[in-house]
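# test case, fold it:
(2 chains)
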Amino acid sequence: MVPERASVQIFYEDVEPGDLFPALTVTVDERQLFFFSAATYNGHRIHYDKDWARTVEGYDDVIVQGPLQAALLARAVTDWIGGRGRLVEYAVQNRDIAFAGEELSFGGVVTAKRLGDNTGLVDLDIAGRRGDTVLMPGTATVALPLRGEPHGEPQDEEL
Amino acid sequence: MSEQGLIDAESASRVGTVAATATGEVNRRDWQRWAAAVGDHNPLWFDTEYARARGYRDIICPPLFLQYAVLGVTALDGLRPDGSSGAASGSLAFPRAPRRMAGGESTTFHAPAYHRDEVEMVRTIESIVEKQGRSGRFVLVTWRTVYRNQRAELLADATTSMIARP
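Now for the predicted structure:
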């Protein structure tokens, strides 16, 4: 699953504008909604009370938390950049809701790269989607290590 | 303008002021429960040896978890009818624009947080402006939120927006 992805380190030199990074596909169920609400101390009924969601707030079902969409999208990014990559900037907008049980995908594309302070900075366009519908568009900047630049950190043994 | 603006004088007077402050301790088990709820098993959040081999002094708090480390405690009696606590916005009411929607959030992460770091959050109301959109007038509120650790090192700063409609 995810741990192998995190064990492969990607470097600044490996990426070019236009590259897609691996999309994460998740179908959030009601257990996951419950645990995410618990972990974020979120009591909003629209995430667990179907009757409230339908009759008071006018949704068809309980809805996936916006912050969970954001966290899944960030997970797609941090899985890809590996343990020596760093999330520097992260910006998302809540555009549409998702219901429990819907298949969602989270991924993005490299839009630009430039050298920073001992690292390479890579800009991404990112999005959470349901089919072709963009639920959460955003942008991110990540710092990736340079090949042959240990900059004080131990080298990866697996490479 | 003959029409009454959506922004009342009381709300307008709060631009530039602090909307909320909070402190909290970053806790490894809390962030790991959050990561598990996201299905995020990144070893940087779980595996000390792995994190040390990548230049950190220990496992680190997932960047997106930092905002939850400063959440306070709300009594059941203090919840809104919809179950939410509503503490974070600094209680801007906009009686002429009561319907709210989360806008977006943009965060720059400067340094990682570690287990038992004491984090202080300061949220300032950056702007409140009335706009005209396709579906009518609305108020756009923007906050700037800064997170620092116990050594006053900047961990993250975020810009958050909210839309309030009549």
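# C-alpha from now on. contacts and neighbour counts both.
Will do.
# so how far is A:Val88 from the residue in chain A sticking out farthest from the centre?
Distance from the C-alpha centroid of chain A peaks at A:Thr55, with 31.7 Å (Cα atoms, centre = their mean). With distances taken as Cα to Cα, to the nearest Å, A:Thr55 is found 41 Å from A:Val88.
# if we can go back for a sec, what backbone torsions are found at the residue farthest from the centre of chain A?
Main-chain dihedrals, A:Thr55, degrees, to the nearest 10: phi -80, psi -30.
# how near is it to chain B?
The spacing between A:Thr55 and chain B, counted by Cα to the nearest Cα, to the nearest Å, is 12 Å.
# check contacts around that residue.
Contacts here follow Cα atoms under 8 Å, 6 or more residues apart in numbering or on different chains; on that basis A:Thr55 touches nothing.
# for B:Thr159, same thing?
B:Thr159 touches B:Glu105, B:Ser106, B:Thr107, B:Thr142, B:Trp143, B:Arg144, B:Thr145, counting by Cα under 8 Å, 6+ apart.
# now with 6 Å, please.
B:Glu105, B:Ser106, B:Trp143, B:Arg144 (Cα atoms under 6 Å, 6 or more residues apart in numbering or on different chains).
# mind putting these into a markdown table with secondary structure and distance to chain A?
Compiled in a markdown table, the contacts of B:Thr159 are given as follows (DSSP: H, G, I helix; E, B strand; the rest coil; distance: Cα to the nearest Cα, whole Å):
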| residue | secondary structure | distance to chain A |
| --- | --- | --- |
| B:Glu105 | strand | 6 |
| B:Ser106 | strand | 4 |
| B:Trp143 | strand | 14 |
| B:Arg144 | strand | 13 |
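# which of those tops the neighbour count?
B:Trp143 (23 neighbours; other Cα atoms under 10 Å in any protein chain shown).
# how many neighbouring residues does A:Ala100 have?
19.
# now swap in A:Asp117 and tell me
7.
# can you give me the strands in the chain?
Unless you meant another one, I'm taking chain A. A:20-27, A:86-93, A:103-115, A:120-130, A:133-144 (DSSP state E).
# not quite, I wanted chain B
B:18-25, B:99-109, B:118-133, B:136-148, B:154-165.
# list the helices and strands the shortest one packs on?
Translated: strand B:18-25. Under the contact criterion of 3 or more Cα pairs under 6 Å, 6 or more residues apart in numbering or on different chains; DSSP states H and E, strand B:18-25 touches strand B:118-133.
# given the strand it packs on, what are its sheet partners and their directions?
If you go by DSSP bridges, strand B:118-133 pairs up with strand B:18-25 (antiparallel), strand B:136-148 (antiparallel).
# hey, C-alpha coordinates of the first one in CSV?
What follows is strand B:18-25 as a C-alpha-only set of coordinates in CSV (Å, rounded to 0.1, in the frame of the first residue of the first chain):
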residue,chain,number,x,y,z
VAL,B,18,-7.3,39.7,16.6
ALA,B,19,-10.3,37.4,16.1
ALA,B,20,-9.1,34.5,18.1
THR,B,21,-6.1,33.1,19.9
ALA,B,22,-5.5,29.6,21.1
THR,B,23,-2.8,27.4,22.4
GLY,B,24,-2.4,23.7,22.6
GLU,B,25,0.1,20.9,22.9
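# how close does B:Asp157 sit to A:Val88?
11 Å.
# same question for B:Thr17.
In terms of Cα to Cα, B:Thr17 sits 27 Å off from A:Val88.
# what about the two, which has more around it?
A count of neighbours by other Cα under 10 Å puts A:Val88 above the other of B:Thr17 and A:Val88, at 19 against 12.
# tell me who's in contact with the more buried one.
Contact analysis of A:Val88 by Cα under 6 Å, 6+ apart lists A:Thr141, A:Val142, B:Thr108, B:Phe109.
# quick one, which of the strands of chain B gets closest to B:Ala75.
Taking Cα to Cα, strand B:18-25 is the member of those nearest to B:Ala75, at 16.8 Å.
# quick one: average confidence on the closest one?
In this model, strand B:18-25 has a mean pLDDT of 94.
# could you do stretch A:15-28 as well?
The average pLDDT within stretch A:15-28 is 96.
# buried set for it?
A:Val15, A:Leu20, A:Phe21, A:Ala23, A:Leu24, A:Thr25, A:Val26, A:Val28 (16 or more other Cα atoms under 10 Å in any protein chain shown).
# distance of the third one from A:Lys50?
Translated: A:Phe21. As for A:Phe21, its distance to A:Lys50 is 35 Å (criterion: Cα to Cα).
# residues from chain A in reach of chain B?
Residues of chain A found near chain B (Cα under 6 Å from any Cα of the partner chain) are A:32, A:35-36, A:39, A:43-45, A:84, A:88-93, A:153-154.
# drop anything exposed from the residues you listed.
A:32, A:35-36, A:39, A:43-45, A:84, A:88-93.
# which helix is the longest one in the chain?
All of this is about chain A. Secondary structure of chain A per DSSP state H: the longest helix is helix A:66-81.
# try chain B instead
helix B:28-38.
# starting at the chain centroid, how far to that helix?
Distance of helix B:28-38 from its chain centroid, counting by Cα atoms, centre = their mean, to the nearest Å, is 18 Å.
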